[in-house]
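Peer 1: just need the structure, nothing else, for what follows:
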Amino acid sequence: MEGQQAIRTDVPARLDRLPWSPFHRLVVAALGITWVLDGLEVTLAGSVAAALQQSPQLHLTAEQVGLTGTAYLTGAILGALFFGHLTDRLGRKRLFNVTLGLYLAATALTALSWDFASFAVFRFLTGAGIGGEYTAINSAIQELIPARLRGRTDLAINGSFWLGAALGASGSIWLLDPAVLSPEIGWRLAFGTGAVLGLVILYLRRFVPESPRWLMTHGRVAEAEAVVAEIEGRVTAATGAALAPAHDGVMLLGGGRISLATVARTLLCHYSGRTVLGLVLMASQAFFYNAIFFTYALVLTRFYGVPAGDIGWYILPFTLGNFAGPLLLGPLFDTIGRKPMIAATYTLSGLLLAATAALFAADLLDAATLTLCWTVVFFFASAAASAAYLTVGESFPLELRALAIALFYAFGTLLGGAFSPWLFGVLIESGSRAEILGGYLLGAALMVVAALVELKLGINAERRPLEEVAEPLSLHRGADLAG
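Peer 2: Next up, the predicted model:
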């Protein structure tokens, strides 16, 4: 970018000083649906696990159910990497409909699966669509939400995973009831619900603009300022109040393409501590979530004799607790701060998981009390997991934000989550509570270690503009930063 003319812009300051408005609610609804869809998919996969084993056509084993979970996660990893690269090159908005379209087609095809291989392939493609959504959506949301509200908003959106989980659980209660539908039809209709929900979102996304921050760091400052002016007009019309002036600006040399060598140098040299932190946070929560949630239905049916059609009644209560965690604790991440809150939620998640595992191994819980224990554990764990995505999203320069999210999601999930559904499927198949205890204790230990790493390497990003948390690569070094 040497030789390019520096351009001064106040786009970040203008976005960060906006009051909360219907525009921001639109962003949350149209983009945050990604997490609802993921929660729906993961819960359906867990809720229908027993039905898939009983299906006359599929007749999956517990290990195969675990492998389909691994196929979904592997697809999400590869989808995140592929679409993350395109999102940084082509823009946030351009990828919205592509990734959502892939998800819609794949989840509809899942309902038409005829054997284990086809089911696994379609779950892989569904995961690829969701993984691609993560990169475009998380980067755009953080770039459009005012800095003072970024933490609580991001946690609430990530926590909406559990609204999708509640939808999947409640839907499965009816769809998997043999008195209502045959088991072979019920699980197929269950996967069709995601496609129907996604169709509604295609319409809403028409009204979400391209990220002005992405435009400005790609040399399109005039377009960025025009988009911000349009947003300001929408906010002013909705609130009826004049906007405060924006005084701070940044000087950019934008327009150059970021090479993979620049990405590697940025992550491994300039921000090596943040890279280690992001990997640890993502990997530990990935193991925790994927190990437990993908196989929870198997535990209920194998050890407590819960009928397949009743699984939703046990999943539904703690999905609401999981959503309540990020929603209620989220404001504290903006006030008390990122570091103490992330460390606290990871620590509590690990300790409570260990206690629940010990009670399970000692056969001191029934299906209802186990569900109650998971509700308490996941209240903190959902906030911790949401904070991991918040951390990797706001810790790196704007020009490689989507790819950074993709890389951390991919490697974190690969290290901590891709094999865990299969592992726990094998442990559950053994029928040994002691062996399952070992798996749960491993997950608990990973969460506590992550808390210690956060205390050592965590950053204080609360209420700070993204450009201050991590300077844009295109920043002109003679410029003053906002904040």
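
Peer 1: and the strands in the chain, which stretches?
Peer 2: Secondary structure of the chain, counting by DSSP state E: strands at 7-9, 250-252.

Peer 1: surely I342 and A387 touch.
Peer 2: Yes: between I342 and A387 there is a contact at 4.8 Å, judged by CB atoms under 8 Å. For the C-beta atoms, the positions are set from N, CA and C on the backbone; glycine is no exception.

Peer 1: list residues touching both of those two?
Peer 2: Common neighbours of I342 and A387, using CB atoms under 8 Å, 6 or more residues apart in numbering, are L281, F333.

Peer 1: circling back: make TSV out of the strands of the chain and add mean neighbour count.
Peer 2: Shown next, in TSV, are those (neighbours: other CB atoms under 10 Å):
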stretch	mean neighbour count
strand 7-9	17
strand 250-252	23
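
Peer 1: mind telling me which of those strands the model trusts least?
Peer 2: In terms of mean pLDDT, the lowest-scoring of those is strand 250-252 (a mean of 75).

Peer 1: what packs against it?
Peer 2: Packing partners of strand 250-252 (3 or more CB pairs under 8 Å, 6 or more residues apart in numbering; DSSP states H and E): strand 7-9.

Peer 1: give me the contacts around the strand it packs on.
Peer 2: With CB under 8 Å, 6+ apart, strand 7-9 has contacts from M216, V221, A224, E225, G249, V250, M251, L252, L253, G254, A479.

Peer 1: any idea of the pLDDT on N158?
Peer 2: 83.

Peer 1: poorly predicted segments of the stretch 51-200 of the chain, please.
Peer 2: 51-57, 59-60, 62, 172, 174-183, 186-187 (pLDDT under 70).

Peer 1: adding distance to S420, write the strands of the chain out as JSON lines.
Peer 2: Output for those, formatted as JSON lines (distance: least, CB to CB, whole Å):
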{"stretch": "strand 7-9", "distance to S420": "45"}
{"stretch": "strand 250-252", "distance to S420": "42"}
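
Peer 1: surely L189 and T110 touch.
Peer 2: No: between L189 and T110 there is no contact under CB under 8 Å: 11.3 Å.

Peer 1: between these two, who's got more neighbours?
Peer 2: Neighbour totals were compared for L189 and T110, and T110 leads with 28 against 15 (other CB atoms under 10 Å).

Peer 1: contacting residues for the more buried one?
Peer 2: By CB under 8 Å, 6+ apart, the neighbours of T110 are F119, F122, R123, T126, F191.

Peer 1: what of I33?
Peer 2: I33 touches S160, L197, G198, I201, L204, counting by CB under 8 Å, 6+ apart.

Peer 1: what about A80, how many neighbours?
Peer 2: 31.

Peer 1: contacting residues around it?
Peer 2: With CB under 8 Å, 6+ apart, A80 has these contacts: G131, G132, Y134, T135, I405, A406, Y409, A410.

Peer 1: with respect to D115, which of those residues is nearest?
Peer 2: In terms of CB to CB, no member of those lies closer to D115 than G131, at 24.4 Å.

Peer 1: quick one: that closest one and Y346, what's the gap?
Peer 2: 23 Å (CB to CB, to the nearest Å).

Peer 1: surely A13 touches G249?
Peer 2: Yes: the criterion here is CB under 8 Å, and A13 meets it with G249 at 6.4 Å.

Peer 1: which of the two has more neighbours?
Peer 2: A13 (20 against 17).

Peer 1: separation between that one and T70?
Peer 2: 45 Å.

Peer 1: most surrounded residue in the contacts of T110?
Peer 2: That'd be T126 among these, by other CB under 10 Å, with 31 neighbours.

Peer 1: pull the contacting residues for the spatially closest residue to that residue that is not a sequence neighbour.
Peer 2: Closest residue to T126 apart from its sequence neighbours, by CB to CB, 6 or more residues apart in numbering: A106 at 4.0 Å. A106 makes contacts with F122, R123, L125, T126, A128, G129, as judged by CB under 8 Å, 6+ apart.

Peer 1: 10 Å - rerun?
Peer 2: 41, 72, 75, 121-130, 191, 194-195 (CB atoms under 10 Å, 6 or more residues apart in numbering).

Peer 1: what's the answer for V453, then?
Peer 2: Counting by CB under 10 Å, 6+ apart, V453 has contacts G273, V276, L277, L279, V280, L281, S284, I342, A343, Y346.

Peer 1: one more time with 6 Å
Peer 2: L277, V280 (CB atoms under 6 Å, 6 or more residues apart in numbering).

Peer 1: what do you get for the one 10 residues further on?
Peer 2: Counting by CB under 6 Å, 6+ apart, R463 touches A147, R148.

Peer 1: ok, now the one 3 residues further on?
Peer 2: Shown in contact with L466 (CB under 6 Å, 6+ apart): E394.

Peer 1: give me the pLDDT for it.
Peer 2: 89.

Peer 1: before we move on, back to that, now the contacts of strand 7-9 in a markdown table, with distance to G91?
Peer 2: Listed next are these as a markdown table, based on distance: CB to CB, whole Å:
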| residue | distance to G91 |
| --- | --- |
| M216 | 12 |
| V221 | 15 |
| A224 | 11 |
| E225 | 16 |
| G249 | 23 |
| V250 | 20 |
| M251 | 22 |
| L252 | 17 |
| L253 | 19 |
| G254 | 13 |
| A479 | 24 |
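
Peer 1: just those: which are in helices?
Peer 2: Mapping the contacts of strand 7-9 onto helices (DSSP state H) picks out M216, V221, A224, E225.
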